[in-house]
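1. Here is the input, now give the coordinates:
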Amino acid sequence: MSSSDRGLDLARPSGSGLTRLVRGGLAALALGVLAAGCTVQPIYMPIASGPNVAADLSAIQVEDVSDRVGQEVRNNLIFGFTGGGNPAPPRYELTMRVTSADARLGFERDETAPAYSVTVTVAYQLKEIATGKVILRSINRGVASYDRSNQAFANQRAQIDAQNRAAQSVADDIQLRLAAALATGKSS
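-> Predicted coordinates:
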């Protein structure tokens, strides 16, 4: 064997088989200990020692809103909280402020905009009714796009459909955030 081959001998392992077995066993043991500290479970699954998120969600009273897009968000939230069933007696109150804005996405040669996007923004706060404690305060946005044509009714219907899609999207996001906040019991 030449002196240049001594530093790199790929055919011979660096340690004995027993040493590699012990190292592998220790690595597996360390991974097992780390994984034992992790728990993954469905957020809506009721557990005896913790909150029942589905019951908590159905006990959320959603305040009335005054505009059509806000009503879409509200209806989607109520359906998401109760699954279409009867709500539980209210223990939480959800207040929200809903805004909707359209934006042009591009221009044609004749300066018309064939594509638009609708952004529905909801600033909301979940409060425990009995104590007044704020559980979650946040802002979520939902965006949907639509195309315009030279027909007024088609444009109006496309805009309403996009607003409804954005309202559904933001309501889904809010429901997930509220479920996570209720499951962990953390206030923000």
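2. ranges for the helices of this structure?
-> For the chain, the helices defined by DSSP state H occupy 17-36, 53-58, 68-82, 152-184.
3. Including mean neighbour count, could those helices go into CSV?
-> Yep, even glycine has a C-beta here, placed from its N, CA and C like the rest. Listed next are the helices of the chain as CSV, based on neighbours: other Cβ atoms under 10 Å:
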stretch, mean neighbour count
helix 17-36, 10
helix 53-58, 19
helix 68-82, 19
helix 152-184, 18
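4. could you redo those as JSON lines and give each row distance to A88?
-> Formatted as JSON lines, those follow (distance: least, Cβ to Cβ, whole Å):
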{"stretch": "helix 17-36", "distance to A88": "35"}
{"stretch": "helix 53-58", "distance to A88": "4"}
{"stretch": "helix 68-82", "distance to A88": "8"}
{"stretch": "helix 152-184", "distance to A88": "13"}
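5. quick one: contacts for the nearest residue to Q61 once chain neighbours are set aside?
-> Distance criterion Cβ to Cβ, 6 or more residues apart in numbering; nearest residue to Q61, sequence neighbours excluded, is P90 at 3.7 Å. P90 sits next to A59, I60, Q61, I129 when contact means Cβ atoms under 8 Å, 6 or more residues apart in numbering.
6. just for the protein, where's the confidence low?
-> 1-16, 32-51, 111-113, 186-188 (pLDDT under 70).
7. isn't R137 right next to Y124, touching?
-> Yes - with contacts counted by Cβ atoms under 8 Å, R137 reaches Y124, the gap being 7.4 Å.
8. Those two: which is more packed in?
-> Y124 (22 against 14; other Cβ atoms under 10 Å).
9. where's the more buried one relative to S138, distance?
-> Counting by Cβ to Cβ, to the nearest Å, the separation of Y124 from S138 is 6 Å.
10. returning to that earlier point: between the helices of the chain, which one is nearest to S117?
-> Closest approach to S117 among the helices of the chain is made by helix 152-184 (7.6 Å; Cβ to Cβ).
11. Against which helices or strands is the closest one packed?
-> Under the contact definition 3 or more Cβ pairs under 8 Å, 6 or more residues apart in numbering; DSSP states H and E, helix 152-184 sits against helix 53-58, helix 68-82, strand 92-104, strand 115-128, strand 134-147.
12. and with 10 Å instead?
-> helix 53-58, strand 60-62, helix 68-82, strand 92-104, strand 115-128, strand 134-147 (3 or more Cβ pairs under 10 Å, 6 or more residues apart in numbering; DSSP states H and E).
13. The ones you listed: which one's closest to A179?
-> Here helix 53-58 is closest among these (Cβ to Cβ), at 5.2 Å.
14. which residues touch the closest one?
-> 42-47, 52, 77-78, 80-83, 85-92, 135, 175, 178-185 (Cβ atoms under 10 Å, 6 or more residues apart in numbering).
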